[in-house]
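> What shape does this take:
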Amino acid sequence: MSETLLEVKNLNTHFFTEHGVAPAVDGVSFRLEKGRTLGIVGESGSGKSVTSLSIMRLLQEPAGRIVDGQILFNGRDLVKLTEKEMQEIRGAHISMIFQEPMTALNPVYTVGTQIAEFSLSGRK
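Residues are numbered from 1 along each chain as shown. You can find the predicted model right below:
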């Protein structure tokens, strides 16, 4: 039986501007089982980055906010955690490679090698 590592349920993230509300993520749901890989693809502007930033709780508040949904990581709802609790999770248990991979990854090594190195360094 598979163990759910990450489950996003009906995620809604909006940006509140002087011109009104801009829904950036509308009802996104998915589940990632331990040991599996998930790819999120879509057109430019479809909400991939905002979904990832929401999961990591790295939205620029107060403009960007998760307005509904759950983000369950190892059974804990990340939406309800304090910033201090999120800081303990970020990097040590869950990470994100931003859209400029040249600033985050070494082009001399494969992505797989770099991810394996991260995992073997004691950060899981």
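
> what's residue 6 in contact with, if anything?
Residue 6 sits next to 31-32, 55, 71-73, 94 when contact means Cβ atoms under 8 Å, 6 or more residues apart in numbering. In short, each C-beta sits where N, CA and C put it, glycine included.

> which of the residues you listed count as buried?
Buried subset of the contacts of residue 6 (neighbour count, 16 or more other Cβ atoms under 10 Å): 55, 71-73.

> Which of those residues fall within strands?
71-73 (DSSP state E).

> Next, format these as CSV and append distance to residue 59 and pLDDT.
What follows is these, written out as CSV (distance: Cβ to Cβ, whole Å; pLDDT from 0 to 100):
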residue, distance to residue 59, pLDDT
71, 12, 98
72, 18, 97
73, 16, 96
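
> Residue ranges in this protein under the pLDDT threshold?
Within the chain, the stretches with pLDDT under 70 are 1, 98-105, 115-124.

> Let me see the ranges of the strands in it.
Under DSSP E, the chain gives strands at 4-17, 20-33, 64-73, 76-77.

> partners of the last one, with directions?
Which is strand 76-77. strand 64-73 (antiparallel) (DSSP bridges).

> For residue 61, give me phi and psi.
When read as degrees, to the nearest 10, the backbone of residue 61 gives phi -80, psi 150.

> Same question for residue 91.
Dihedral angles (degrees, to the nearest 10) for residue 91: phi 80, psi -50.
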